[in-house]
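> coords please:
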Amino acid sequence: MFDVNTIPMSERVHITKNLLRWGIAVDQVTGKIDYIEGTSVPELKCKSIHLIRHAETVAVVKHEFMSDTSDNCGFTDAGVEITQRQAKELDAYDFDVALYGPIPRVVHTKELIMQTPQKFEAFKVHKLHGIDNTGWEYKSFEELQYNPTFIAREMENNMFARTPCGTSWGMVIANCVDVFDHINENYAGKKILLFSQGSVLRALQILLRKRKHPWDDFTVEGMYHVGDDTNKKKNYGVIETVY
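Predicted structure coming up:
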């Protein structure tokens with residue numbers, strides 16, 4: 001059974017404090033979040049932010065979950081093709097700089113993009129780190145849907161729920177607050193491209209209040225493309241507007 005008390009206190013405090021800075025309250029019992037009425041989004045000093053999610057992986061096609069380093073993180077041929085096609089269209093955005101996350105499939109996506117000569121340099125930012133599903137790699141939604149931790153993290157949106165060696169949604173969002181701080185300190189007035197994961201995209205959207213409630217329209221199937229995703233938009237390897 002999942003127990004939020006297994007989350008280190010330092011992690012809980014970091015999550016709570018960082019989200020509070022962006023006007024988001026965390027219920028310490030349920031781990032649920034909501035916007036604090038009357039608060040606004042802090043200033044971002046950059047000109048724009050876009051994000052490219054990592055290229056489509058074998059796990060996506062097989063409807064499996066991935067950890068940071070599991071073997072099913074390898075790219076499909078279609079994933080490589082889509083990402084390389086996107087690389088040829090980036091001149092139109094006139095980016096000043098790119099920042100990329102630390103995990104292999106994100107680094108490899110950055111490398112695919114940079115094979116096409118770009119006008120910008122790319123720098124690694126450790127905090128651009130999304131959900132790590134260590135312990136759930138190779139598993140399907142059907143295998144996990146009754147797992148207490150899975151229910152707490154993915155269905156009840158508990159900010160403190162994580163696998164023993166994985167990450168929580170709270171830490172992903174808290175890390176994105178640190179990424180915004182990094183951008184404000186180093187890239188004021190710049191057009192920025194991020195290479196990262198779908199969970200980071202969602203975290204950035206939550207911080208920027210792209211929806212009335214943080215988890216509006218969120219589904220496990222939509223986030224991870226598990227199950228029949230024939231009619232769902234696949235945004236792997238393509239550019240998304242963040243800010």
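
> most centrally placed residue in this protein?
Nearest to the centroid of the C-alpha atoms of the chain, with distances taken as C-alpha atoms, centre = their mean, sits residue 200, at 1.8 Å.

> what sits closest to it if chain neighbours are left out?
Take residue 200 and drop its neighbours on the chain: the residue closest to it by C-beta to C-beta, 6 or more residues apart in numbering is residue 130, 4.4 Å away. Glycine gets a C-beta too; all of them are placed from N, C-alpha and C.

> got it, and residue 179?
Distances taken as C-beta to C-beta, 6+ apart place residue 127 nearest to residue 179, at 5.0 Å, with adjacent residues excluded.

> give the buried residues for stretch 67-84.
Across stretch 67-84, burial judged by 16 or more other C-beta atoms under 10 Å covers 67, 68, 70, 72, 73, 75, 76, 79, 80, 82, 83.

> which residues are in contact with that stretch?
Residues from elsewhere that reach stretch 67-84 (C-beta atoms under 8 Å, 6 or more residues apart in numbering): 52, 55-62, 64, 66, 103-105, 108-109, 112-113, 115-116, 132-138, 166, 236-238.

> just the buried residues from those residues, in PyMOL please.
Buried members of the contacts of stretch 67-84 can be picked out in PyMOL with the line below, counting by 16+ other C-beta under 10 Å:
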select buried, resi 52+55+56+57+58+59+60+64+66+103+105+108+109+112+113+132+133+134+135+136+137+166+236+237+238
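
> one step back: what sits against the residue nearest to residue 179?
Counted by C-beta under 8 Å, 6+ apart, residue 127 has contacts 175, 176, 178, 179, 182.

> secondary structure class for residue 49?
strand (DSSP: H, G, I helix; E, B strand; the rest coil).

> can you check residue 45 too?
In three-state terms, and counting by three-state DSSP, residue 45 is coil.

> include secondary structure and distance to residue 94 when you put the buried residues of stretch 67-84 into a markdown table, please.
Shown next, in a markdown table, are the buried residues of stretch 67-84 (DSSP: H, G, I helix; E, B strand; the rest coil; distance: C-beta to C-beta, whole Å):
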| residue | secondary structure | distance to residue 94 |
| --- | --- | --- |
| 67 | coil | 36 |
| 68 | coil | 32 |
| 70 | coil | 36 |
| 72 | helix | 36 |
| 73 | helix | 31 |
| 75 | strand | 27 |
| 76 | coil | 30 |
| 79 | helix | 26 |
| 80 | helix | 25 |
| 82 | helix | 22 |
| 83 | helix | 20 |
